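*Asks:* quick check, what structure comes out for this input:
(chains A and B)
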Amino acid sequence: MEDVNKLTDQELFSFVEFNASESEKTGSSDYSYWKSVVITFLKNKMAVALLIIMLSLIVFSFFAVATAKFEYTKIFRDAKLQTPNSTYWFGTDLLGRDMWSRTWYGTTISIKLAAVVTFFDVLIGVVIGCLWGYVRQLDRFFTEIYNIIYNIPTTIYLMLLTYILTQGFWTLAFALCSTGWLGMARNVRNLVFMIRDREYNLASRCLGTPLPRMILKNLVPYLVSVVILRMALNIPTVISLEVTLSFLGLGLPGTVPSLGQLLAHARTKFMDFPHLLIFPTLIVSVITISFYLVGNAFSDASDPRNHV
Amino acid sequence: MLKYSLKRLLQSILTIVIILTVVFLLMRLLPKDGYFTDEEIMKLTEDQKYARLQEQGLFDHPLKQLMDFYSKLFKGNLGYSIRIQKNIPVMKVISEKAPISIQIGLIATLIGLVLGVLLGVMQATNKGKIIDKLGTAYIVIVNAVPPLVYYFFIWVFLTSWFGLPMRLKIGDYKSYVLPILAMSLTSIASYALWIRRYMVDELNKDYIKLARAKGLPYKNIMYKHVLRNALVPMVQLIPASLLLTIGGSILIESIFSVPGMGSMLISAIQKKDNPLVQAIILLYSIMGVFGVFLGDILMVFIDPRIKLDTKGGSR
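*Replies:* Reported below is the predicted structural model:
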């Protein structure tokens, strides 16, 4: 004991050299939100494979439309209802139009429609959802609106709307958006409502964190997973609704070969010419299932709780 | 209980009034051709058409029209069909078509409920195993792929493989198989999805861990505690989906030529039979509202833990 007391400070304490890798062990990590999202997502091999299939299918559909041998409107009178062959790769339809160009054109229409509708659904949904959740006075008002629209079956509402309006791409997009934002807004509202008054937000507020930073750093990471999941699931829904409405004669006009129209036109010939059914449905199924699964995988990956 | 039910009932009625008004206003925007039969459009001059529309009160002040609409509605008069069945009261036309939709809807919901709960329970008890994965694959396909696609596959391939009729004929029970199958495919998937999710949630709760630690047999835990609790939120969904299937799935009725309400709505729209369209839309909306209302009430009835005075339930 005496020895220790006799020693000088220099002898007792010495500086440790800074070692970057040692400091990592206990100090803060270089955690980055988006990096972790990507890493977690890439671990899901099936989702990555589906994402690649889906993206290449989308790119290919635009490529196929641009390079198709025949115009999708061109009628070959002597080549009606051909089964797939070297000239007409997907065969021809009742009037003798090339199914290859029609199918891929229909696919691009569906993709465009889904993209437009989903973009506006998310935009309106997130803005209204945040207002709904943050501003207490607006809660009652939006809840009542939600109850009214939620109570009417979507298909019925869409049928009525498309019956009244003139048919067309933007009409359909408008009709689909007018109900689509609702689920999104409800979801965002519930989340904002839940997170708004949590302790860590209270602490942030007390420490004087400015509002934009609060929203971007404290709220958005929680919303991202839900928004992305909703977005990904919205795409199959929009494609389904287009197919349904067009088949019933209420979606896109008959001159546009959307996937719903292709099925509606050929329905009497499916028994004898299954190629009219199989090619369009195969493509639409691959796209919708991929979006569904990739969306689920990405929402898992974007949840901070799943990061290591 | 009674107070809560009454309050919810009043809320639902208010919602219906709002929906009626909105539908009414939208209906004023309908194509005017829909108020005449085909021959009338050809024969009548513009002036005659105008006079006819005026006679029906279509150029009155909107508020007056709205009042007229409600007073007629209270007398049960929804107008007359114009094109589907000429000058027959709309209610009579609908009541002729409803039974077949109700029959098929009821059977399909029953099948969907039984098989859906069964599948969900099987998935939850074998979580992560092959049954669970197959079930999930089925649910994903049904939810992601447009229903029209697999309805058409059923329609085209199952009819030729099993020699079933393609069109529904009243009284020919073999022809009921495919529409019912198509309709229950969707409901099986949605019930199974919910049951699995609720059961897995329930399994992670503390009281289940206690029950296990106490040594209760696995089956006992599953059926007496987990399933019972998982059924509660499910019950809320049943009335709404039942009422909607009874109303007739529009797509299925149109593919399998079921002469029900759904397919009538389509032909009413195609032929622009405005009064009929209006009546069917009103009927569907009212069924939607009451489905949600019944679901809320049923849930409170079944689960005593749910407080009666909380607003709006857990939607």
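
*Asks:* wouldn't residue A:187 be in contact with residue A:230 here?
*Replies:* Yes - with the criterion set as C-beta atoms under 8 Å, residue A:187 and residue A:230 qualify as a contacting pair; they are 6.2 Å apart. Yep, even glycine has a C-beta here, placed from its N, CA and C like the rest.

*Asks:* okay, those two: which has more neighbours?
*Replies:* Remark: of residue A:187 and residue A:230, residue A:230 carries more neighbours, 22 against 18, as counted by other C-beta atoms under 10 Å in any protein chain shown.

*Asks:* surely that one is in contact with residue A:186?
*Replies:* No - using C-beta under 8 Å, residue A:230 and residue A:186 do not qualify as a contacting pair, with a distance of 10.1 Å.

*Asks:* hey, C-alpha coordinates of stretch A:58-65 in CSV?
*Replies:* What follows is the C-alpha trace of stretch A:58-65 in CSV, where atoms were taken according to Å, rounded to 0.1, in the frame of the first residue of the first chain:
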residue,chain,number,x,y,z
ILE,A,58,-41.1,-5.1,-66.1
VAL,A,59,-38.1,-3.9,-68.1
PHE,A,60,-38.7,-6.6,-70.6
SER,A,61,-42.4,-5.7,-71.1
PHE,A,62,-41.4,-2.2,-72.1
PHE,A,63,-38.7,-3.6,-74.3
ALA,A,64,-41.1,-6.1,-75.9
VAL,A,65,-43.6,-3.4,-76.7
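
*Asks:* so for that stretch, mean pLDDT?
*Replies:* When the per-residue pLDDT values of stretch A:58-65 are averaged, the result is 89.

*Asks:* quick one: the nearest residue to residue A:149 once chain neighbours are set aside from residue A:188, how far?
*Replies:* Counting by C-beta to C-beta, 6 or more residues apart in numbering or on different chains, residue A:182 is the residue found nearest to residue A:149 once chain neighbours are left out, at 5.6 Å. To residue A:188, residue A:182 is 11 Å away according to C-beta to C-beta, to the nearest Å.

*Asks:* so for stretch A:198-212, mean pLDDT?
*Replies:* Across stretch A:198-212, the per-residue pLDDT values average to 85.

*Asks:* for it, C-alpha coordinates in PDB please.
*Replies:* Listed next in PDB are the C-alpha coordinates belonging to stretch A:198-212 (Å, rounded to 0.1, in the frame of the first residue of the first chain):
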ATOM      1  CA  ARG A 198     -43.800   7.600 -26.400                       C
ATOM      2  CA  GLU A 199     -41.100   8.400 -23.800                       C
ATOM      3  CA  TYR A 200     -38.300   8.700 -26.300                       C
ATOM      4  CA  ASN A 201     -40.200  11.300 -28.200                       C
ATOM      5  CA  LEU A 202     -41.000  13.100 -25.000                       C
ATOM      6  CA  ALA A 203     -37.300  13.100 -24.200                       C
ATOM      7  CA  SER A 204     -36.400  14.300 -27.600                       C
ATOM      8  CA  ARG A 205     -38.800  17.100 -27.300                       C
ATOM      9  CA  CYS A 206     -37.500  18.100 -23.800                       C
ATOM     10  CA  LEU A 207     -34.000  18.100 -25.100                       C
ATOM     11  CA  GLY A 208     -35.100  20.600 -27.700                       C
ATOM     12  CA  THR A 209     -34.900  18.500 -30.900                       C
ATOM     13  CA  PRO A 210     -36.300  20.600 -33.800                       C
ATOM     14  CA  LEU A 211     -39.600  19.300 -35.300                       C
ATOM     15  CA  PRO A 212     -38.200  18.300 -38.800                       C
END
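
*Asks:* for burial, what's the neighbour tally of the nearest residue to residue B:160 once chain neighbours are set aside?
*Replies:* Taking C-beta to C-beta, 6+ apart, and ignoring the residues beside it in sequence, residue B:160 has residue A:271 as its nearest neighbour in space, at 7.0 Å. Residue A:271 has 14 neighbouring residues, counting by other C-beta under 10 Å.

*Asks:* number of nearby residues for residue B:202?
*Replies:* Using other C-beta under 10 Å, residue B:202 has 20 neighbouring residues.

*Asks:* returning to that earlier point: correct me, but the residue nearest to residue A:149 touches residue A:151?
*Replies:* No - applying C-beta under 8 Å, one finds residue A:182 not in contact with residue A:151, separated by 11.4 Å.
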